[in-house]
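Asker: The sequence isn't on hand, but the structure is:
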């Protein structure tokens, strides 16, 4: 049923100015010449595990079940940090054990983790600075070409959680959270999820504040307000977002990641 | 005759820092695992329909006849704007109906337009903010995998023209136009086409002005002048361009999109 | 043994904002519909032959033997500069004859060079400004689809060397070199190679200076120092590199390409 052309999706903080991404792909294709290689992004901020994890968690459910994800944001390369392989619902992942794959450990069904045996499956010699090329690409290529997941290495019982996500918290009559990302359009993405907002009750409307600024009710989409007006809505990945229609909210409100956001239920009068 | 590996070419304003492009590709590959996916660009200025349309119109003739183009610059997502599919000479297109595909309506042979039945062919549920993922990717994937164009939805008689292109105009003894793009090398691309210039006659040479600055005659290529000198020539897409050899014309002349350009025929003496 | 899906790897200075890369790919896929197309980078600084050559030389050994490399940094397009094709160890290359492929001429086994017969294998008409589209893409596509290398054009005895690489030189008790690149992480890459350092002897340690600043000994990897500390090590492509652990060395030391670097052997006491 699965295509012979297995998708291998790449997510790194390598940027696209240097040879790193190209070299990783060259090694990968040597092991998996038929792979369907897809760039998720190579523009994750350097060494920013949180950003990479958010991007990955958003993208995974939309990829075919047999996809192999190669995720390399690796400030600990050259230390004794473990190189992980993971499997959930047919999707496979390789990444350093630094929290990048922690979201797999939380959801259901449970993911299975293994420690990559780099001596067996990696390139030789192996550098102390570029395991994307020397470990993750060869293992991903082998997995895409049929290496059984169980042969990658020993089972890992507990993975590193990595940097914690900022948590949303309950406040009287509402929820307090924060901006966790600013997208290309200047839209502010928050850590308040649609499922959280629904618990605030449906007897009235929800009002949003960004810092001290009142932004009004939660709408369906940015097209529900006139051009140039701020608008709050549940975005396409289920998170509360703050935008300016046909504009740039981050620039307008001069704020970014970390800015406090509060949502309160307002009784219908 | 056509390859089983149909080309699917992507053009968006999503940038490459967020998950948007990756997610669109994931959905696409779920429907079309054998597709040959190509990024035209994801760096179109945010919500800039004109730029995307120019880039697309330049690229289309160079792609195989069976290519499916996915074009998403979509400030009207979530409104009642139509989602279009189009066909011309075997090439297929999906895009919001906001002018992105208007150039297909002008050329010959005539293009055929249909309104995408998103309820039938899109993802469920469908967001109000990301139809690249929820509508255009699934329809493009289905088209690349064999869905007949005629089944996409009902025929559309008239599409939206979108923002008008700046027009070149006749002036005594010449043509007046403007810079419409600045490329990566700082070259100024104008809306004066080789075919327009030919109508100015061939009895002498053509002289170019950029604002008040005289730039001399139209040459064959930038290699026809010494390093560091300004040079005007008909570029590789048939438009008059203004460059500085081994330099950056936009920086040298401190101008960009909208700068006035005049070409006048000069009699041979 | 080789896959039918031949890798075609692209390296240009076209950037990703314009239509240039997309158009090149469209032409390529018209000739080679089954190609496995890989972007090495399109973000080489405009017209910077040295940077492109460094990136290419780093990447080549990691690609499959049958890869076709398309390398277009082409300030001399439109002049009478030759369009080259090259072959070494099964890998094929097309590029302008301006030094981009000079590294193939130095290594062993010897590369074979031919002058592309653009009249025969290129697009018609052929522009004077965009041979990536009109010459290199069609020839690469044909080579990937089975055109014999020997039919590309006549043998070339001597290719252009292009801009010289800055050379490392011997000084009393050490080596003097320079920073030749700054990577995405702010790491300074030098032209001092591991093989050069080994010749300084192994009786003690090696000490590194960046300009007037002493940076200490050469380590195995950046993980060998605490966060925020400078560290020198042989990087993943065999060159001495200067980094700051979890930081940005270029910013910290306010230096870039051209900065002088000296390594001296220090006797064990």
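Answerer: The structure has been received and is ready for your questions. Because the structure is a prediction, the values reported are computed rather than measured.

Asker: now the helices: where do they sit in the stretch 151-269 of chain A?
Answerer: For the stretch 151-269 of chain A, applying DSSP state H, counting those that start in this stretch gives helices covering A:194-198, A:249-253.

Asker: What's the mean pLDDT across the first one?
Answerer: Pointing back at helix A:194-198 there. Summarised as a single mean, pLDDT over helix A:194-198 is 89.

Asker: Spell out which parts of the stretch 1-150 of chain A neighbour chain B.
Answerer: Within the stretch 1-150 of chain A, the positions lying close to chain B (CB under 8 Å from any CB of the partner chain) are A:3, A:5, A:7, A:9, A:11, A:36, A:38-44, A:54-56, A:58-59, A:62-64, A:67. Where you see a C-beta, it was placed from the backbone N, CA and C, and this is true even at glycine.

Asker: thinking residue A:98 is in contact with residue A:47, fair?
Answerer: No. Here residue A:98 lies out of contact with residue A:47, judged by CB atoms under 8 Å, at a distance of 9.8 Å.

Asker: Please identify which of those two sits among more neighbours.
Answerer: Using other CB atoms under 10 Å in any protein chain shown, the more surrounded residue of residue A:98 and residue A:47 is residue A:98, with 25 against 16.

Asker: name the element that one belongs to?
Answerer: Residue A:98 is part of no helix or strand, with elements assigned from DSSP states H and E.

Asker: quick one, what contacts it?
Answerer: If you count contacts by CB atoms under 8 Å, 6 or more residues apart in numbering or on different chains, residue A:98 has them with A:49, A:73, A:74, A:75, A:76, A:81, A:160, A:162.

Asker: change it to 7 Å
Answerer: With contacts defined as CB atoms under 7 Å, 6 or more residues apart in numbering or on different chains, residue A:98 is in contact with A:49, A:76, A:81, A:160, A:162.

Asker: residues near the first one, how many?
Answerer: Translated: residue A:49. 24.

Asker: Equivalent analysis for the third one, please.
Answerer: A count of nearby residues for residue A:81, using other CB under 10 Å, gives 16.

Asker: Quick check: it touching residue A:96?
Answerer: Yes. Between residue A:81 and residue A:96 there is a contact under CB atoms under 7 Å: 5.7 Å.

Asker: got a pLDDT number for the closest residue to chain C within the stretch 151-269 of chain A?
Answerer: Relative to chain C, the nearest point of the stretch 151-269 of chain A is residue A:163 (12.9 Å; CB to the nearest CB). In this prediction, residue A:163 carries a pLDDT score of 95.

Asker: Just the buried residues from the residues of the stretch 1-150 of chain A next to chain B, in PyMOL please.
Answerer: Buried subset of those, written as a PyMOL selection, criterion 16 or more other CB atoms under 10 Å in any protein chain shown:
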select buried, chain A and resi 5+7+9+11+36+38+39+40+41+42+43+44+54+55+56+58+59+62+63+64+67
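
Asker: From the residues of the stretch 1-150 of chain A next to chain B, list the ones also adjacent to chain C.
Answerer: Among these, proximity to chain C is found for none (CB under 7 Å from any CB of the partner chain).

Asker: just checking, which of the residues of the stretch 1-150 of chain A next to chain B belong to strands?
Answerer: A:7, A:9, A:11, A:36, A:38, A:39, A:40, A:41 (DSSP state E).

Asker: Quick check: residues of the stretch 101-250 of chain A near chain C?
Answerer: Checking the stretch 101-250 of chain A against chain C by CB under 7 Å from any CB, the hits are A:127, A:128, A:129, A:130, A:133.
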